[in-house]
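>>> Take this sequence and fold it.
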Amino acid sequence: MTVRVRFLAHLRTRFGAKEKDVELADPARIEDLLNLLCDTPERRNDVFKPDGSINPQVIVMKGGMNVLSLQGLGTPLAEGDSVAILPFLVGG
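Residues are numbered from 1 along each chain as shown. Prediction:
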């Protein structure tokens, strides 16, 4: 299956692209996608906490919804899904 991943803000530089089409075996979950994408220690540290959960400084969205409000890392993916990975932004 193919999933489109968009990277926002400084994560574009970290992951080397504004967006990527990623091939995954079916069935796949958000965790599978993130493990595939986080192929360097720097990328892994940006996205994951040491315990393997999603870093609270990063928001992972599937179809416009935060995966933490879905099934977290266990959120299933389907052909053609769109996933966005962005830093948690605070402004004033």
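>>> Where does pLDDT dip in this protein?
Applying pLDDT under 70 to the chain picks out residues 90-92.
>>> residue boundaries of the helices in it?
11-15, 30-37, 41-47 (DSSP state H).
>>> looking at those, which is buried most?
Among the helices of the chain, helix 30-37 has the highest mean neighbour count (mean count of other CB atoms under 10 Å), at a mean of 19. (Glycine included, C-beta is placed from N, CA and C.)
>>> got the contact list for it?
With CB atoms under 8 Å, 6 or more residues apart in numbering as the test, helix 30-37 has contacts from 3, 5, 15, 20, 22, 24-25, 43, 47-48, 54, 60, 62, 67, 72-75, 77, 83, 85.
>>> swap in stretch 79-92?
In this structure, residues lying in contact with stretch 79-92 by CB under 8 Å, 6+ apart are 1-11, 15, 26, 30, 33, 37, 47, 56-63, 77.
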